[in-house]
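Participant: Here is my input, please return the structure:
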Amino acid sequence: MNILDTIGQTTMDKVQSERPVPRFEAGDTVRVHVKVQEGNRERLQVYEGLCIGRKNAGVNSAFTVRKISFGEGVERVFPLYSPNIWEIEVVRKGIVRRAKLYYLRDLRGKASRIAEDVEAQRELVAEQAEEAAKRPRREKLKKEKPRGEGTVRAAKGGKK
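Facilitator: You can find the predicted model right below:
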């Protein structure tokens, strides 16, 4: 094991101790909570879509999530062990016969649906409940509230 593998393994262990990486594969609908930095504030943004592929390469592992936003297909590649990912939730399991679902880029509407794997979904829900009971909850990012006298909004059409 060379030094790069050692560093990669310690990084993976550190991230997995903070947040568990769930079992998911291509065809599953996932919800990814991403930390977004806006100026001096930090917030969580949820990106939900279909996982169309995974790259398993140790610390360089990544997965691609595709969603339809305002009629346009949007894909985003997330590094699996990134510190910017707060949480990964598997919403539903799908039945597919390929590792990469790039063919979905050409399909529209009902043709692009993936059949749900009901048995795997039941196992997943039971497994998630068991893990949630074991691990302590992570604290949410603290939201900053603006300070000042204008914190209360006036009624619509009303005056101050």
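
Participant: what sits against the residue lying closest to A62 once chain neighbours are set aside?
Facilitator: What sits nearest to A62 in space, not counting adjacent residues and going by C-beta to C-beta, 6 or more residues apart in numbering, is K55, at 4.8 Å. The C-beta positions use only the backbone N, C-alpha and C, and glycine is treated the same way. By C-beta atoms under 8 Å, 6 or more residues apart in numbering, the contact set of K55 is S61, A62, F63.

Participant: which one of the residues you listed is nearest E25?
Facilitator: The closest of the contacts of K55 to E25 turns out to be F63 (C-beta to C-beta; 9.0 Å).

Participant: and that closest one, that one's in a strand?
Facilitator: Yes - checked against DSSP: H, G, I helix; E, B strand; the rest coil, F63 lies within a strand.

Participant: what are the phi and psi angles of V91?
Facilitator: Note on V91: backbone dihedrals following degrees, to the nearest 10 are phi -80, psi -50.

Participant: ok, so what distance separates the nearest residue to A99 once chain neighbours are set aside from V34?
Facilitator: In space, and not counting its chain neighbours, A99 is closest to A26: 5.7 Å by C-beta to C-beta, 6+ apart. Per C-beta to C-beta, to the nearest Å, A26 is found 20 Å from V34.

Participant: what about these two, which has more around it?
Facilitator: A26 (21 against 17; other C-beta atoms under 10 Å).

Participant: Could you pull up the contacting residues of the more buried one?
Facilitator: Counting by C-beta under 8 Å, 6+ apart, A26 has contacts C51, I52, G53, R54, V96, R98, A99, K100, L101.

Participant: quick one: it is in a strand?
Facilitator: No - counting by three-state DSSP, A26 is not part of a strand but coil.
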